[in-house]
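*Asks:* What would the 3D arrangement of this be:
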Amino acid sequence: MNNNKTIRLTSIDNPYDPFTHWEQWYLFDMNAGYNTCGRLASVTFLSESMTNKEQNEALEEGMELLIKTGCISKNGNVVEYKKVIKNVQTPLY
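*Replies:* Numbers count the residues shown, from 1 in each chain. Next comes the predicted model:
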């Protein structure tokens with residue numbers, strides 16, 4: 001078995017787990033005016049020519065940027081972010 005990590009970005013006030021309660025997490029995020037997925041996409045360069053590893057590294061860099069800088073929600077509050085990490089066991093072939 002190979003142990004890989006999967007990372008998600010969430011606001012510190014979102015009570016839902018983006019791994020296990022995606023729909024609730026997303027609705028909370030959008031209703032709060034955070035648009036975390038859109039913000040992450042706006043600060044991350046991804047290309048089909050990149051490997052999965054390169055794409056994951058680029059996404060993590062984007063997450064780190066949002067964690068460092070935060071962002072402004074639609075109601076003018078600063079959104080603070082954190083990473084949620086899940087270890088995933090994958091079989092070695």
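*Asks:* Identify each of the helices in the protein and give its residue range.
*Replies:* 22-31, 36-42, 52-69 (DSSP state H).
*Asks:* Buried residues, the second one. List them.
*Replies:* For helix 36-42, the buried set under the neighbour-count rule, 16 or more other Cβ atoms under 10 Å, comprises 36, 39-40. (Glycine included, C-beta is placed from N, CA and C.)
*Asks:* quick one: average pLDDT of it?
*Replies:* The average pLDDT within helix 36-42 is 94.
*Asks:* what's the span of stretch 35-49, first residue to last?
*Replies:* 26 Å (Cα to Cα, to the nearest Å).
*Asks:* Can you tell me what sits against it?
*Replies:* With contact meaning Cβ atoms under 8 Å, 6 or more residues apart in numbering, stretch 35-49 is reached by 9-11, 26, 29, 55, 58-59, 61-63, 65-66, 71, 79, 81.
*Asks:* okay if I get the helices of the chain as JSON lines plus distance to N4?
*Replies:* Shown next, in JSON lines, are the helices of the chain (distance: least, Cβ to Cβ, whole Å):
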{"stretch": "helix 22-31", "distance to N4": "19"}
{"stretch": "helix 36-42", "distance to N4": "20"}
{"stretch": "helix 52-69", "distance to N4": "9"}
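*Asks:* For P15, state which of the buried residues of helix 36-42 is nearest.
*Replies:* Checking the buried residues of helix 36-42 against P15 by Cβ to Cβ gives T36 as the nearest, at 14.3 Å.
*Asks:* So for the residue found closest to W25 once you drop the neighbours it is linked to in the chain, what's the pLDDT?
*Replies:* Computed as Cβ to Cβ, 6 or more residues apart in numbering, the closest residue to W25 that is not its neighbour in sequence is Y16, at 3.8 Å. Note for Y16: predicted pLDDT of 98.
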